[in-house]
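**Q** Fold the following.
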Amino acid sequence: MAPNNTVVVTVEKPMKSVLGVTGMESSLFLEKQKAVSPKQLTWVFLLKVQRTLACLSWMTMASKTMFVAAKKRIALSDLNNDDEPKTRGKLYRFIKAFLALSIVALVIELVAHFKSWNLNLIQPWEVQGLVQWTYMAWLSFRADYIAPVVIMLSRFCTVLFLIQSLDRLVLCFGCFWIKYKKLKPTIEPNVYDTEDPASFPKVLVQIPMCNEREVYAQSIAAVCQLDWPKDRILIQVLDDSSDGTVQLLIKDEVSSWSQKGVNIVYRHRLIRTGYKAGNLKSAMSCDYVKDYEFVAIFDADFQPNSDFLKQTVPHFKGKPDVGLVQARWSFINKDENLLTRLQNINLCFHFEVEQQVNGVFLNFFGFNGTAGVWRIKALEESGGWLERTTVEDMDIAVRAHLNGWKFVFLNDVKVICEVPESYEAYKKQQHRWHSGPMQLFRLCLPSIITSKISMWKKANLIFLFFLLRKLILPFYSFTLFCIILPLTMFIPEAELPLWVICYVPIFMSFLNILPAPKSFPFLVPYLLFENTMSVTKFNAMVSGLFQLGSAYEWVVTKKTGRSSESDLLALAERESKSSNEEKILRRYSESGLELLSKLKEQEVKIEVPSKNKKKNKTNKLYKKELVLAFLLLTASARSLLSAHGVHFYFLLFQGLSFLVMGLDLIGEQIS
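**A** Model (predicted):
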């Protein structure tokens, strides 16, 4: 009996406690209900309404601002100002036809959606009307013929996407390993005797430029103040300007520095062929070049620090197989606008990850065309500068690598320069940077196969350096995200999984932003921007691969000539400490007045009647971007019908980014 009583007691207590708690909770709940008055519910409701109205107001104002900007841009722009002739508009016509088909498909899908048509529930004899019959025929044709092709193409592009993502991941691991092990090129201390100028090697410095009115003075000034024995350095200003006014200005600048004791010469070609490669080739043919051991090259907007040569040239000491020492770029206008911020993300990854990893583990990377020092012997043995492509820097780097020369990349040595601030300038620059490598690949492939370098280096050049990073990347980026993804909205059988359009791209964008940590707020805009630029890169890649006319276009990237506050303060300090005041006073001297009169006379001579003058430059409309914008927005409308979720948001924002690019609303705005 005792055990039974014990059991009863232990069971009853929890029951009482549970009932007590339940009763207490219920009473509290009733008190809470009584505490919430109708007035409070009204205030909560009004607060939610206010937030909803504020959100709607913001969206309305944003839409109105976008509409007004678009209307103004269309009114001020010339619709026929596309850079490419009509004979080269095949890609544009294809996208336009694809958009037209998508709109027709969307109309049919809308009718089917609102009428709730379903092929599985409708029998052939129940078909009513031409539209319903068209819808049934479309579903049957889509399932039998279109879907298998799209599925196969999407799988192929997905595989390429994963391979390229794996390559990026390996590069990032390599960069982390370099930082963890603190691997970097080193030099011996006190390589050169500062008290004996003869111990320094003779260095030739070249500044190729063409109509660089905005930046010529600051680039020449920076190079002329390099810390190197004066009798061991020669500066060549290689002016290819077609503007006579700019020629006179550059000549005057060179003359003023020459009078200060700087060993500097001015060169201008009468026959300007081969663009930059032709300019450099002509300069290297001078007789006095044979007296120099190294050549440093700076584009017109680059401003090296005074110790640049002392940080780079010593890396050649005791290393006869080193042919190139490349410094990193640093951008003075990276925070100017959204376009420059997004470019900074790309270029920081290029230098800190791609260039540094390839330099440490492979002793090879593509020469950047500037901010580098070459051993002149390496240039000569590799065939010198050739005019066969628009990427002469990559051309000479590949040929030097095939001849066994090693490259050194210095991530800690930075040279100030600019990135394009307008979408037009950036678009033209990217076209040249992506068409040139394909030209070079066609020309170099036989030489790579027959060269004496190891099979591993051959495979790296062919499959990684050229195919994966120069051909596959723009191909899958454009095909997968700009063509296949909107197409799958009308072909549900080939729908892409979420990890392809969301998770993997965001993760890869996260890796790309790591070298520029301050750019994390621009993660999503960067992802959309890269997909938007894929149309330009894909078009350039195709034109270079198949030797189309646009592959040989060379447009000098527009510069603004910006200077940082530290540069201006340093310049003022140098000028105040300088005992030679010629540079400050020469504009007011007799020679300066003569120069001014010459410039005015020349401007009068070249002046033309007002009716023949060129129109003021305005922002452009880009047809391909606009057509792709409407294609993606059409696909987003179709995805909204089937409640795709992430697919809808991706297509919507990607379409809006194409619209912003097509209307040229990013970057520098021209009134």
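
**Q** mind listing what's buried in the longest strand seen in the chain?
**A** If you go by DSSP state E, the chain has its longest strand at strand 406-417. Residues of strand 406-417 classed as buried: K406, F407, V408, F409, L410, N411, V413, K414, V415, I416, C417 (neighbour count, 16 or more other C-beta atoms under 10 Å). Yep, even glycine has a C-beta here, placed from its N, CA and C like the rest.

**Q** Any idea how many residues pack against the nearest residue to G383 once chain neighbours are set aside?
**A** With sequence-adjacent residues excluded and distances taken as C-beta to C-beta, 6 or more residues apart in numbering, G383 is closest to R399, at 5.6 Å. Using other C-beta atoms under 10 Å, R399 has 21 other residues around it.

**Q** Give me the distance between R399 and G323.
**A** 10 Å (C-beta to C-beta, to the nearest Å).

**Q** what sits in contact with each of these two?
**A** Common contacts of R399 and G323, defined by C-beta atoms under 8 Å, 6 or more residues apart in numbering, comprise S382.

**Q** hmm, back to that, the residue nearest to G383 should be in a strand, yeah?
**A** No: looking at R399 with DSSP: H, G, I helix; E, B strand; the rest coil, it is helix, so not inside a strand.

**Q** list the contacts for it?
**A** So R399 contacts S382, G383, C444, S447 (C-beta under 8 Å, 6+ apart).

**Q** tell me the phi and psi of I187?
**A** phi -130, psi 160 (degrees, to the nearest 10).

**Q** got the contact list for it?
**A** With C-beta under 8 Å, 6+ apart, I187 has these contacts: P314, H315, K317.

**Q** now do L162
**A** With C-beta under 8 Å, 6+ apart, L162 has these contacts: V504.

**Q** Quick one: name whatever helix or strand follows the longest strand of the chain.
**A** Tracing the chain C-terminally past strand 406-417 and defining elements by DSSP states H and E, one meets helix 423-450 next.

**Q** Can you show me the CA trace of the following helix or strand past that following helix as PDB?
**A** Next in sequence after helix 423-450, counting helices and strands by DSSP H and E, comes helix 455-459. Taking C-alpha atoms only, helix 455-459 is exported to PDB below (Å, rounded to 0.1, in the frame of the first residue of the first chain):
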ATOM      1  CA  MET A 455      54.400  21.000 -70.600                       C
ATOM      2  CA  TRP A 456      53.000  22.500 -67.400                       C
ATOM      3  CA  LYS A 457      53.900  26.000 -68.600                       C
ATOM      4  CA  LYS A 458      52.300  25.300 -72.000                       C
ATOM      5  CA  ALA A 459      49.100  24.100 -70.300                       C
END
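
**Q** buried set for helix 455-459?
**A** Of the residues in helix 455-459, those buried by neighbour count under the rule 16+ other C-beta under 10 Å are K457, K458.

**Q** quick check, distance from that helix to the centre of its chain.
**A** 28 Å (C-alpha atoms, centre = their mean, to the nearest Å).

**Q** what sits up against that helix?
**A** L362, F364, H401, I448, I449, S451.

**Q** ok, 7 Å please
**A** Helix 455-459 is contacted from outside by I448, using C-beta atoms under 7 Å, 6 or more residues apart in numbering.

**Q** if we can go back for a sec, output the contacts of I187 in TSV, with neighbour count, distance to V107 and secondary structure appended to each entry.
**A** Converted to TSV, the contacts of I187 look like this (neighbours: other C-beta atoms under 10 Å; distance: C-beta to C-beta, whole Å; DSSP: H, G, I helix; E, B strand; the rest coil):
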residue	neighbour count	distance to V107	secondary structure
P314	20	69	helix
H315	19	65	helix
K317	13	72	coil
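
**Q** Now that we have the residues you listed, can you turn them into JSON lines and tack on pLDDT and distance to L651?
**A** Shown next, in JSON lines, are the contacts of I187 (pLDDT from 0 to 100; distance: C-beta to C-beta, whole Å):
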{"residue": "P314", "pLDDT": "95", "distance to L651": "54"}
{"residue": "H315", "pLDDT": "96", "distance to L651": "50"}
{"residue": "K317", "pLDDT": "93", "distance to L651": "57"}
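
**Q** ok, those residues vs A327, which is closest?
**A** H315 (10.6 Å; C-beta to C-beta).

**Q** Next up, the contacts around that closest one.
**A** P185, I187, V322, V325, V408.

**Q** repeat for G323
**A** G323 makes contact with W374, R375, A378, A400, W405, K406, F407, according to C-beta under 7 Å, 6+ apart.

**Q** Which members of the residues you listed are classed as buried?
**A** For the contacts of G323, buried by 16+ other C-beta under 10 Å: W374, R375, A378, A400, W405, K406, F407.

**Q** quick one: which two of these are the most distant?
**A** Maximum distance among the buried ones among the contacts of G323 (C-beta to C-beta): 12.5 Å, for W374 and K406.

**Q** hmm, back to that, sort out which one of the buried residues of strand 406-417 lies nearest C210 for me.
**A** Closest to C210, out of all of the buried residues of strand 406-417 and judged by C-beta to C-beta, is C417, at 16.1 Å.

**Q** you'd agree that closest one is up against A300?
**A** No: the pair C417 / A300 is not scored as a contact, 9.5 Å apart, by C-beta atoms under 7 Å.

**Q** ok, the contacts of R399 vs V44, which is closest?
**A** Of the contacts of R399, the one sitting nearest to V44 (C-beta to C-beta) turns out to be C444, at 70.2 Å.

**Q** and S242, that's in a helix?
**A** No: read with three-state DSSP, S242 is coil and lies in no helix.

**Q** can you count the residues close to it?
**A** With other C-beta under 10 Å as criterion, S242 counts 9.

**Q** Chain neighbours aside, what residue packs nearest to it?
**A** Spatial nearest neighbour of S242, chain neighbours left out: N211 (6.4 Å); criterion: C-beta to C-beta, 6+ apart.

**Q** The one you found: neighbour count?
**A** Count around N211 with other C-beta under 10 Å applied: 17.

**Q** same deal with L665?
**A** There are 16 residues near L665, going by other C-beta under 10 Å.

**Q** That one: which element?
**A** Applying DSSP H and E, one finds L665 in no helix or strand.

**Q** on that earlier part again, including distance to A635 and pLDDT, could the contacts of G323 go into TSV?
**A** Formatted as TSV, these follow (distance: C-beta to C-beta, whole Å; pLDDT from 0 to 100):
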residue	distance to A635	pLDDT
W374	49	98
R375	54	97
A378	51	97
A400	47	97
W405	49	97
K406	49	97
F407	45	97
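
**Q** So which of those is the closest to L659?
**A** Distances from L659 to these, taken by C-beta to C-beta, are shortest for F407, at 41.9 Å.

**Q** Who are the contact partners of that closest one?
**A** G323, L324, Q326, G359, N363, F364, F365 are the contacts of F407 under C-beta under 7 Å, 6+ apart.

**Q** In strands, which of those fall?
**A** Going by DSSP E, the strands hold G323, L324, Q326 from these.

**Q** Now flag whichever of those residues is closest to K115.
**A** Q326 (64.2 Å).
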